[in-house]
Structures are given as C-alpha cells and as structure tokens.
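Chemist: Provide a 3D model corresponding to the input given below.
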Amino acid sequence: MTQAAERAAHRLAAEGLCAGYDQRTVLNGLDLQIPEGSFTVIMGPNACGKSTLLRSLARLIRPTGGQVLLDGQAISARPAKELARTIGLLPQSSTAPDGITVADLISRGRHPHQSLLRRWSREDEEAVGQALDLTGTADLAARPVDELSGGQRQRVWIAMALAQQTPLLLLDEPTTFLDISHQIEVLELCTRLQQQGRTLVAVLHDLNQALRYATHVVAMRDGEILAQGDPADVGTSELVEQVFGVDARIIEDPETGRPLVIPRAPASVGGSASPQAP
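Modeler: Sure thing, here's the model as predicted:
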C-alpha cells in the first residue's frame with residue numbers, strides 16, 4: 001500500500017504532531033491513526049495531553065510541528081465551514097449565552113449548514129428533534145440552559161454536537177457531571193452512533209468504561225502515545241502500570257468478554273493480605 005493510500009484509510013490522523021501552550025510543549029511528535037467508523041477512546045492520567053490532542057485534531061490548536069490529516073490531506077488547508085460540517089466537537093467546558101433556551105442552543109449546531117441561500121429548513125428541524133430525542137432532553141427544550149443541573153447541561157451540549165450531524169464527532173470527557181446511569185446512556189449512545197457509521201473520538205477518565213465501549217484505544221502518558229489498538233491488546237496489566245502507575249490484574253468482563261481492570265488491594269484493606277492472583 002502506498003503512503004497516500006495508507007493515509008486515506010484513516011479518516012483522521014496525525015503525523016509527528018507537536019503542540020502546546022505558551023512555549024510549553026505538551027505533545028511530542030505523536031503519530032496517530034483514527035480508523036474510520038471506529039469509537040476511539042483516548043485514555044491516560046491527568047495532564048498527559050489527552051485534551052490537547054483532541055483540540056489539535058479539531059484544529060483549535062495550531063501545531064508547532066507535524067500535521068493533522070483529514071482524509072489524507074492537511075486539515076490546516078480546509079475551509080472553516082467545510083470543516084465544521086465534517087468534524088463536531090464537544091469541548092471539556094462550554095458556556096451558553098445568558099437566558100438561551102435548550103432548543104435554541106441545540107439549534108446552533110445547525111449553523112454550519114446555513115448560508116445566505118439556505119435558511120432554516122425541515123431538515124434542520126428534524127436534526128434538532130432527533131438530537132433532543134437521542135439525548136433524552138426533549139422535555140427540557142423550553143427551559144433556559146442556565147437553570148439546568150450540571151448533568152442536564154452536559155446532555156444538552158452533547159445534543160448540540162449531534163445536531164451538527166458531522167461524520168466525525170470529538171468528545172472531550174462527555175461523561176463529566178453525569179451520574180452512573182447517564183454515563184452509561186451517553187456511552188451506549190456513542191456505540192449506536194458508531195454502529196450507524198459515524199467516527200467518534202472521546203477522552204475518558206474511567207479506564208474500564210474505555211475498555212468496555214471503545215473499538216479502538218489510544219493510551220497516553222507525558223505527551224506521548226504508548227499504545228494504540230484493539231482494547232484486548234491495549235488492556236494489559238503491564239500497560240496499566242506503565243500508563244497509570246497502578247498495579248492491577250486483568251480479568252475478563254463477565255458481561256462483554258473484554259478486559260476488566262482490578263487494582264490490587266493493599267494488605268491493609270480487609271485486615272489481611274490476600275494472595276496475589278497471577
């Protein structure tokens with residue numbers, strides 16, 4: 001396979017990517033491939049560069065070296081509106097205008113599809129309605145966003161990203177502020193979207209959620225990618241210790257058959273030491 005053909009096999013990729021803030025380098029020459037049609041999860045400890053990588057993929061950060069590729073071409077050359085119709089982003093923290101209602105905020109996800117010749121349409125209305133239904137926020141449509149709980153606001157921001165209807169969706173910690181039931185709802189929604197043909201890239205803190213739901217995992221530490229691939233290949237005790245500094249055993253998730261990480265308990269827990277499993 002030629003280099004150009006190999007690039008085109010991945011919808012989104014990075015080559016030798018370096019990026020950071022205020023003269024501080026965060027990413028150190030990363031090579032990354034996001035398989036088309038995957039649900040890719042980026043995992044790693046705090047401050048390892050996960051969000052910086054996601055923001056670089058969305059062209060919110062200008063690389064200091066290397067490049068991000070979209071369909072085999074430099075993302076820096078894409079017109080802004082075209083890019084907004086291709087890549088949707090749910091940032092780590094978002095601020096809504098004072099007094100805006102849920103329905104109005106979600107409708108802003110349709111802005112990349114508008115133009116002087118194309119105003120609000122039935123297609124836009126259907127996209128917003130579908131996003132409301134998928135995120136369980138239809139009953140909140142008339143309420144001001146600033147009156148909602150943190151978990152409700154997070155689901156509304158996800159709905160706005162879904163209303164954008166991009167084939168690529170980047171999510172920076174989408175389960176933040178959500179209780180466990182809504183975390184599961186969001187991750188199952190990501191799975192459904194991936195199965196419908198979208199490519200998703202998410203930053204998650206929960207290692208076991210990443211290994212359960214992702215089809216492709218990227219493990220980072222100190223601005224570098226230590227491993228990327230199938231969850232079964234990345235979810236090993238050696239890698240968990242290397243990435244997170246946690247001594248853990250890996251067992252088979254009884255529900256999914258995927259790797260399940262069990263941190264080893266210290267001798268002080270339970271009053272006595274338990275024999276270490278192999």
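
Chemist: contacts for stretch 138-155 next, please.
Modeler: Contacts of stretch 138-155 with the rest of the structure, by Cβ atoms under 8 Å, 6 or more residues apart in numbering, involve 96, 98-103, 105-106, 129, 132, 135-137, 156, 174-179, 182, 186. To be clear about C-beta, it is placed using only N, CA and C from the backbone, and glycine gets the same treatment.

Chemist: change it to 6 Å
Modeler: With Cβ atoms under 6 Å, 6 or more residues apart in numbering as the test, stretch 138-155 has contacts from 96, 99-103, 105, 132, 135, 137, 177-178, 182.

Chemist: pLDDT, neighbour count and secondary structure added to those, as CSV?
Modeler: Formatted as CSV, the contacts of stretch 138-155 follow (pLDDT from 0 to 100; neighbours: other Cβ atoms under 10 Å; DSSP: H, G, I helix; E, B strand; the rest coil):
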residue, pLDDT, neighbour count, secondary structure
96, 82, 19, coil
99, 88, 10, coil
100, 94, 15, coil
101, 95, 17, strand
102, 94, 26, helix
103, 92, 19, helix
105, 93, 21, helix
132, 93, 22, helix
135, 87, 25, coil
137, 91, 23, coil
177, 79, 15, coil
178, 84, 19, coil
182, 86, 17, helix
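
Chemist: would you reformat those as JSON lines and include distance to residue 87?
Modeler: Formatted as JSON lines, those follow (distance: Cβ to Cβ, whole Å):
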{"residue": "96", "distance to residue 87": "21"}
{"residue": "99", "distance to residue 87": "29"}
{"residue": "100", "distance to residue 87": "23"}
{"residue": "101", "distance to residue 87": "26"}
{"residue": "102", "distance to residue 87": "23"}
{"residue": "103", "distance to residue 87": "24"}
{"residue": "105", "distance to residue 87": "19"}
{"residue": "132", "distance to residue 87": "22"}
{"residue": "135", "distance to residue 87": "19"}
{"residue": "137", "distance to residue 87": "22"}
{"residue": "177", "distance to residue 87": "23"}
{"residue": "178", "distance to residue 87": "23"}
{"residue": "182", "distance to residue 87": "25"}
